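Visitor: I need the structure of the sequence given here:
(4 chains)
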There are 2 protein chains.
Amino acid sequence: MQAACSQCNLHELCLPVGMSIEEVERLDALVGARRKIRRQQPLYRAGDAFDAIYAIKVGWFKTDVLLEDGREQVTGFQMTGEMLGLDGISTETHSCNAIALEDSEVCVIPYNRLEELSREIEGLQHQFHKVMSREIVRDHGVMMLLGSMRAEERLAAFLLNLSQRFNARGFSPAEFHLRMTRDEIGSYLGLKLETVSRAFSRFQDEGLVAVQQKHIRIQDLAGLRRLIQQAGR
Amino acid sequence: MQAACSQCNLHELCLPVGMSIEEVERLDALVGARRKIRRQQPLYRAGDAFDAIYAIKVGWFKTDVLLEDGREQVTGFQMTGEMLGLDGISTETHSCNAIALEDSEVCVIPYNRLEELSREIEGLQHQFHKVMSREIVRDHGVMMLLGSMRAEERLAAFLLNLSQRFNARGFSPAEFHLRMTRDEIGSYLGLKLETVSRAFSRFQDEGLVAVQQKHIRIQDLAGLRRLIQQAGR
DNA sequence: GGCATGGTTTGACGTGAGTCAAACACCAGG
DNA sequence: CCTGGTGTTTGACTCACGTCAAACCATGCC
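Guide: Numbers count the residues shown, from 1 in each chain, chains lettered A, B, ... in the order given. Sure thing, here's the model as predicted:
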């Protein structure tokens, strides 16, 4: 199963942003194969040797870090068009686990060949740097969440973030399915699953969001936004 | 005041890692000038146009993100040999503030020229990618801190991290001066300054650390490490 | 169709960290 | 040497979120 960026409808989000047609065709040659990952299976694990980064073609992943005593911290949820594996560049070993939240498919981008090609194609180099920088900025946002916001603010920010990402992919920004459990959301937001559940119930009561298990319908986007602006602890 | 990587004793930490002497000399030409920043002054602010990244030659910085309502989240403390400004690449606008914690000096690395040169020098490209990736991995560690650890564990991890970074620069890993206030530490760790202060006092009582204002002497490194391994909330 | 199973919701209660407030320590400047 | 300002410590009290436990609800398998 051969990947082909030039045929892929994720142009606008993925690595080929800003590249010419000819350049994207050179990228095709580089992006070796696609790989299918079944739900709950790892794409890579902390400690694995690093040799490629991955672009999500279909599906959802979570990345997490485990402490020796078993505590898990989910560091991100990744969807179509987003990149995985950047953590491995620094030490040539992956530092987190990437687990599929549903049956998924990724494009495998051998890292040394990516470096090679991005020395030749300015647009590729630039876009790759942007992707890494975007990840850093995203992480700072999560720190803000974890360090300075209260439980309901965190959940509101989380929902707004998902909404915006669905929207960018042409899906409804107001209605979507969560692929992760309350526990995983809690881990990401630094909360217990019960607190996440209670916050959902509260949003429901206040008419901000209609929640039915994993199905979410945002009813008052502005209300959610307002929730975040207010002073916290 | 001209920078010169080839004369600089930060070889081992900074961008020139892994480059040949000739290559480092080419880097000299690129790294324009040094810039002095006085204590409490910004190197850049959120919203500033991005056109360069910075390597810290001497001094200390903090980076922070501000919410509209005035809440501050410190996203990092940077010391000699570390890089600032990577957040700006993604949108060509800085997304956080970088403030000097003491009178400091940075090397200014014009970004477009860095991209240019790193297309020519493989070692520079690779090292630059590593620096960005390392930042991502660091951020994941902070998320772990903020999301899954208790107050004392956070402070212990913070001290151990400083210790290790001082050590890497040839300073004592056991005795050092903090450049930041309790409030700034608290913001970074997602705690209030009072909580930070109490945790310091507790460490002192338990003989883990001798604290005298900003002067820190770590007396029981293993004890601090042990503190982190234990199950949290 | 019934019955595990894994995930979710809700309630009652406990606690770690936040809040508020006062006292204290360390400079820097006059 | 005193004085004002900024940062730190400590105590008493509060509260948001965690913990524990029970009930509930979808889903898939026998």
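
Visitor: so does stretch A:173-184 get close to DNA strand C?
Guide: Yes: contact of stretch A:173-184 with DNA strand C (Cβ under 7 Å from any atom of the strand) involves A:T181, A:R182, A:D183. C-betas here are computed from N, CA, C, even on glycine.

Visitor: Can you lay out those as a markdown table showing secondary structure, distance to A:S90 and neighbour count?
Guide: Below are the residues of stretch A:173-184 next to DNA strand C laid out as a markdown table (DSSP: H, G, I helix; E, B strand; the rest coil; distance: Cβ to Cβ, whole Å; neighbours: other Cβ atoms under 10 Å in any protein chain shown):
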| residue | secondary structure | distance to A:S90 | neighbour count |
| --- | --- | --- | --- |
| A:T181 | coil | 30 | 14 |
| A:R182 | helix | 32 | 19 |
| A:D183 | helix | 29 | 16 |
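
Visitor: Give me the helix or strand of chain A that scores worst on average pLDDT.
Guide: None of the helices or strands of chain A scores lower by mean pLDDT, DSSP states H and E than helix A:21-30, at a mean of 90.

Visitor: what about A:M180, which SS state?
Guide: Assigned state for A:M180: coil (three-state reduction, DSSP: H, G, I helix; E, B strand; the rest coil).

Visitor: residues from chain A in reach of DNA strand D?
Guide: Residues of chain A lying close to DNA strand D (Cβ under 7 Å from any atom of the strand) are A:R150, A:A151, A:E152, A:G190, A:L191, A:K192, A:E194, A:T195, A:Q213, A:R233.

Visitor: of all those residues, which comes closest to chain B?
Guide: Taking Cβ to the nearest Cβ as the measure, chain B lies nearest A:G190 of these, at 3.6 Å.

Visitor: What pLDDT is listed against the closest one?
Guide: Here the pLDDT value assigned to A:G190 is 98.

Visitor: Kindly confirm my reading that A:F61 is in a strand.
Guide: Yes: per three-state DSSP, A:F61 lies within a strand segment.

Visitor: Give the pairing partners of the very next helix or strand once past the least confident helix or strand of chain A; include direction for each.
Guide: Per DSSP states H and E, the first helix or strand lying C-terminal to helix A:21-30 is strand A:34-37. Next to strand A:34-37 in the sheet, as set by DSSP bridges, lie strand A:104-110 (antiparallel).

Visitor: Pull out the buried residues from the partner strand.
Guide: A:S104, A:E105, A:V106, A:C107, A:V108, A:I109 (16 or more other Cβ atoms under 10 Å in any protein chain shown).

Visitor: now swap in stretch A:169-182 and tell me
Guide: Judged by neighbour count (16+ other Cβ under 10 Å), stretch A:169-182 contains these buried residues: A:P173, A:F176, A:L178, A:R179, A:M180, A:R182.

Visitor: Point to the residue nearest the middle of chain A.
Guide: Nearest to the mean C-alpha position of chain A, by Cα atoms, centre = their mean, lies A:Q78 at 2.1 Å.

Visitor: where does it fall, helix, sheet strand or coil?
Guide: With three-state DSSP as the basis, A:Q78 sits in strand.

Visitor: Please report how far it lies from A:R179.
Guide: 10 Å (Cβ to Cβ, to the nearest Å).

Visitor: In this structure A:L27 contacts A:G18, no?
Guide: No: the pair A:L27 / A:G18 is not scored as a contact, 11.9 Å apart, by Cβ atoms under 8 Å.

Visitor: Those two - which one has more neighbours?
Guide: Taking neighbours as other Cβ atoms under 10 Å in any protein chain shown, A:L27 and A:G18 compare with A:L27 leading, 23 against 13.
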